[in-house]
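Engineer: Requesting a structural model of the entry that follows:
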Amino acid sequence: MAGSGRLAALPCGKVSKWIVLALWIVAIAVSFGPASKLTGAQENDAVSWLPGNAESTEVLKASAQFSSPDEIPAVLVYVRDSGITPADQQAVEAQVAQFGQLQDVDRKVIGPIPSEDKKALQVLVPINAGSGGWETIGERADDIRRIAAERPDGLSFHLTGPGGFAADSQEAFAGIDGKLLYSAAAVVIIILLLTYRSPVLWLLPLISAGVALFAAQAVVYLLATKADLTVNAQSAGILTVLVFGAGTDYALLLVARYREELRRHEDRHEAMAFALHRSGPAIIASGSTVVAGMLCLLLASMNSTRGLGPVAAVGIVVALLAMLTLLPALLVISGRWVFWPLRPTYGSDDHTETSVWGRIGRRIAIRPRLTWVVTSLALGAASLGMLTLDANGLTNEESFTGTPDSVVGEKVVAEHFPAGAGNPLVVVSNADKAAEVRTAMESTAGIASVAEPRTAGDLAYLEGTMTDAVDTQAAKDTVDRVRAAVHAVDGADALAGGGAAILLDTQRASNHDNKVIIPTVLGVVLLILALLLRSLLAPVLLVATVVLSFGAALGLSALVFTHVLGFGGADPSLPLFVFVFLVALGIDYNIFLMTRVHEESKVYGTRRGALIGVAATGGVITSAGLVLAGTFAVLATMPVVAFAEIGFAVALGVLLDTIVVRSVLVTALTLDIGRHMWWPSKLAQKRDPKPGEELPEEEPEPSLAGG
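Structural biologist: Numbers count the residues shown, from 1 in each chain. As a prediction, the model looks like this:
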């Protein structure tokens, strides 16, 4: 105990607190440069998102001999409902020449291609995004629109295809880091002001979270540039939300315990030492559980999902470090006045047991079994909404909350050209079998035409235009038929890829990841809880409540997505991301509550300990849940459906976790089961005091504060 006491005293010693502050000032100065470069280190190309072993990924790599793997075709469509005129044709031909002179357009521009109904012209502009990713695509899209603006009156224009969608995605994610940072900070400020009712105190957790974010971004940047860690717009955005949300959660728990100890200790350094000694293990256990859960994402086959694991883990580790060192130092340096106007003075009364959650706990204690049975049934009923969740992928049209030009253009292309025009199904094979492979492709239902094969060395490259839009189920079915046909060509070693194949492989990889990662996360969380609580029954019940909470959140979210927000479906990765975030973060609140119950049960028995635990932690858990839900809800404001769905579902799940599951369901279960909750540890043998029986007093602990 002495060792842990000295460690707890480091950030709050009379001299060491200044050393801790100085070290963090140096850290933020060193981190500023790398953190500001994180956006430039992001990889938003197809390979960085795709499964590493998928057939479509192999095709992208093999196609590098025929065109750059960074090349993304932009589909331009010109339309005049009364029919294309000679002046229209001449104007578009002149623009094609200008498109070919643009920076990053390395190969010949194709077109204009007339439609059969003579009402539309199509142009294909191959843009080499290079290392710039979709930032480059966005810049070239602006150039294309500028050139196309000089066209005859009455001739409409749209930019679509892979290049158009990449440009619209780039615009949707433009400035995401700043938007999420400022929005998350605003949410945290509002909730901290309401929680602390102090005009000053909220600054310290916010400063600590901001410092943690910059430090985490710097570490992630170094890993991305030096250790080949895949970072994209999705993981970078979630990093911001996670550090602010989880970091503030840890701050709330620490400050709540520090406030308690300030009433018991005259010296604020000693009060912080006790607060760290008592709440530190719970905070570290909570953070470790989140880190372990996030690292389970390394088992994913999807590159984007696998990359998110270490990014999120780094964020949590840095947030933990900041909240257990920088924040205590700032609080102790500031003194008691920082709580003004509600300063916790030495010897003042603690009104914990008369708080709202203290009263709720006593109400639950009247009929604990009825409470947990009814609550479980209600959550179970909400989980049935999962049956309506369509997580088989989003079409291009369904991917945005609005209607960008690429979506409009896709519809126009489908009206006048084969729906798959501009986004072909690509097949690579051995060059000596190219003719047979082309025949197999052409004879496959769903293929409108196949271009002449191109050869390079011993490889052949074929492009097939599909009759259906690439993001439809019909196109995915065509991919399966083509794969079966070309795989059957003996000695061809043919592989099929392209836009539709990428979507199909992504969907299947996500389904695989769900089956692998979800059970793994549950096992890891169960093990950590068992070690922390020294029990087998309590961890099983707690994990069961987390799963029930996840089911209810996803079920209710599915109903809202379909019947309120009108979303057309969900990304295949949605169930996995929601599960990992809710289980890993939701278990935090289990740990906050049950470690306190475990601590009090040693003195007062389990049932009395449960009431003290919910009274002491109910308020801080609710506040922490509001912060985390608010920060994730920021994602729901983005114009990208996948992000909006993750933000909404996680925010709803966190609220259910903190208000219903943790503080009501878990408390009711603990009150009903009593000391047996800790089976098979010795604490399971400690009987609960009978009504009216005198309770023992806590023994004073030795001083932990240091100089």
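Engineer: what about the strands in the stretch 351-500 of the chain?
Structural biologist: Assigned by DSSP state E, counting those that start in this stretch, the strands in the stretch 351-500 of the chain fall at 425-430, 447-450, 454-456, 459-466, 495-498.
Engineer: so which of those gets nearest Ser31?
Structural biologist: strand 495-498 (39.8 Å; C-beta to C-beta). Every residue, glycine included, has its C-beta placed from N, CA and C.
Engineer: Flag every buried residue along the closest one.
Structural biologist: For strand 495-498, burial by neighbour count (16 or more other C-beta atoms under 10 Å) applies to 495-498.
Engineer: I'd like those laid out as a markdown table, including distance to Val412.
Structural biologist: Formatted as a markdown table, those follow (distance: C-beta to C-beta, whole Å):
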| residue | distance to Val412 |
| --- | --- |
| Leu495 | 32 |
| Ala496 | 27 |
| Gly497 | 26 |
| Gly498 | 21 |
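Engineer: From these, pick the one nearest Ser156.
Structural biologist: Of the buried residues of strand 495-498, the one sitting nearest to Ser156 (C-beta to C-beta) turns out to be Gly498, at 27.7 Å.
Engineer: Phi first, then psi, for Val291.
Structural biologist: The phi/psi pair for Val291 (degrees, to the nearest 10) reads phi -60, psi -50.
Engineer: Please identify the helix or strand for the residue nearest to it when sequence neighbours are not counted.
Structural biologist: Computed as C-beta to C-beta, 6 or more residues apart in numbering, the closest residue to Val291 that is not its neighbour in sequence is Ala313, at 4.7 Å. In the assignment (DSSP states H and E), Ala313 maps to helix 303-321.
Engineer: any idea of the pLDDT on Ala46?
Structural biologist: Confidence at Ala46, expressed as pLDDT, is 58.
Engineer: How about Ala456?
Structural biologist: 85.
Engineer: looking at it, it is touching Ala64, isn't it?
Structural biologist: No. Using C-beta atoms under 8 Å as the test, Ala456 is too far from Ala64 to be in contact (9.7 Å).
Engineer: Report the set of residues contacting both of those two.
Structural biologist: Here Ala456 and Ala64 share no contacting residue, scored by C-beta atoms under 8 Å, 6 or more residues apart in numbering.
Engineer: Can you verify Leu76 is assigned to a strand?
Structural biologist: Yes. Counting by DSSP: H, G, I helix; E, B strand; the rest coil, Leu76 is found in a strand.
Engineer: Any stretches of this structure with poor pLDDT?
Structural biologist: 1-9, 40-50, 68-69, 131-134, 174-180, 347-354, 688-707 (pLDDT under 70).
Engineer: Spatially central, which residue of it would that be?
Structural biologist: Centroid-nearest residue in the chain: Ile238, 4.6 Å away (criterion: C-alpha atoms, centre = their mean).
Engineer: Now do the buried residues in whichever strand or helix holds that one.
Structural biologist: Assigned by DSSP H and E, Ile238 belongs to helix 233-264. Neighbour-count burial for helix 233-264 flags 233-262 (criterion: 16+ other C-beta under 10 Å).
Engineer: cool, stretch 651-668 as well?
Structural biologist: Across stretch 651-668, burial judged by 16+ other C-beta under 10 Å covers 651-668.
Engineer: where along the stretch 101-250 of the chain do the strands fall?
Structural biologist: Counting by DSSP E, counting those that start in this stretch, the stretch 101-250 of the chain has strands at residues 110-114, 120-128, 156-160.
Engineer: Of all those, which one comes closest to Tyr78?
Structural biologist: Distance to Tyr78, taken as C-beta to C-beta, is lowest for strand 120-128 among the strands of the stretch 101-250 of the chain, at 4.5 Å.
Engineer: Run through the neighbouring helices and strands of that closest one.
Structural biologist: Using 3 or more C-beta pairs under 8 Å, 6 or more residues apart in numbering; DSSP states H and E, the elements in contact with strand 120-128 are strand 71-79, helix 86-100, strand 110-114, helix 134-148, helix 161-173, helix 405-416.
Engineer: what sits against Thr520?
Structural biologist: 296, 299.
Engineer: secondary structure element for it?
Structural biologist: Secondary structure assignment for Thr520, by DSSP H and E: helix 499-533.
Engineer: Beyond that helix, next helix or strand please.
Structural biologist: Immediately after helix 499-533, counting by DSSP H and E, sits helix 537-563.
Engineer: May I see the buried residues of that following helix?
Structural biologist: For helix 537-563, a neighbour-count test (16+ other C-beta under 10 Å) marks 537-539, 541-543, 545-562 as buried.
Engineer: now stretch 426-433
Structural biologist: Across stretch 426-433, burial judged by 16+ other C-beta under 10 Å covers 426-431, 433.
Engineer: Stretch 597-607 too?
Structural biologist: Residues 597-601, 604-607 are the ones in stretch 597-607 that count as buried (16+ other C-beta under 10 Å).
Engineer: Now tabulate the residues you listed in CSV and tack on secondary structure and distance to Ile127.
Structural biologist: Compiled in CSV, the buried residues of stretch 597-607 are given as follows (DSSP: H, G, I helix; E, B strand; the rest coil; distance: C-beta to C-beta, whole Å):
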residue, secondary structure, distance to Ile127
Val597, helix, 59
His598, helix, 59
Glu599, helix, 61
Glu600, helix, 63
Ser601, helix, 64
Tyr604, helix, 69
Gly605, coil, 70
Thr606, helix, 65
Arg607, helix, 67
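Engineer: from the residues you listed, which is closest to Trp18?
Structural biologist: For the buried residues of stretch 597-607, the nearest to Trp18 is Glu599 (31.4 Å; C-beta to C-beta).
Engineer: any idea how far the closest one is from Asp249?
Structural biologist: According to C-beta to C-beta, to the nearest Å, Glu599 stands 19 Å off from Asp249.
Engineer: Also Gly619?
Structural biologist: Separation of Gly619 from Asp249 (C-beta to C-beta) stands at 13 Å.
Engineer: Please apply the same query to Ile316.
Structural biologist: Distance, Ile316 to Asp249, using C-beta to C-beta: 11 Å.
Engineer: so Gly287 makes contact with Ala322?
Structural biologist: No. When contacts are counted by C-beta under 8 Å, Gly287 is not listed as touching Ala322 (11.0 Å).
Engineer: Can you tell me the element Ala292 falls in?
Structural biologist: For Ala292, the element it lies in under DSSP H and E is helix 268-295.
Engineer: Show me which residues of that helix are buried.
Structural biologist: 268-283, 285-295.
Engineer: returning to that earlier point: run a quick neighbour tally on the residue nearest to Val291.
Structural biologist: Using other C-beta atoms under 10 Å, Ala313 has 22 neighbouring residues.
Engineer: give the contact list for it.
Structural biologist: 290-291, 294-295.
Engineer: Distance of it relative to Leu536?
Structural biologist: With C-beta to C-beta as the criterion, Ala313 and Leu536 are 27 Å apart.
Engineer: now do Leu38
Structural biologist: Distance, Leu38 to Leu536, using C-beta to C-beta: 43 Å.
Engineer: Give me the more crowded residue out of those two.
Structural biologist: The residue with more neighbours, out of Leu38 and Leu536, is Leu38; 23 against 15, by other C-beta under 10 Å.
Engineer: thought that one was touching Ala233?
Structural biologist: No. Taking C-beta under 8 Å as the definition, Leu38 is not a contact partner of Ala233, at 10.7 Å.
Engineer: Show me the contact partners of stretch 187-197.
Structural biologist: By C-beta under 8 Å, 6+ apart, stretch 187-197 touches 199, 201-202, 205-206, 209, 244, 248, 252, 255, 339, 341-342, 623, 626-627, 630-631, 633-634.
Engineer: With stretch 389-407 instead?
Structural biologist: With C-beta under 8 Å, 6+ apart as the contact definition, stretch 389-407 has outside contacts at 158-161, 164-165, 167-168, 171-172, 410-411, 469, 471-473, 503, 506-507, 510, 554-555, 557-558, 561-562, 567-572, 574-575, 638-642, 644.
Engineer: Just the buried ones from those?
Structural biologist: Neighbour counting by 16+ other C-beta under 10 Å classes 158-161, 164-165, 167-168, 171-172, 410-411, 469, 471-472, 503, 506-507, 510, 554-555, 557-558, 561-562, 567, 569-572, 574-575, 638-642, 644 among those as buried.
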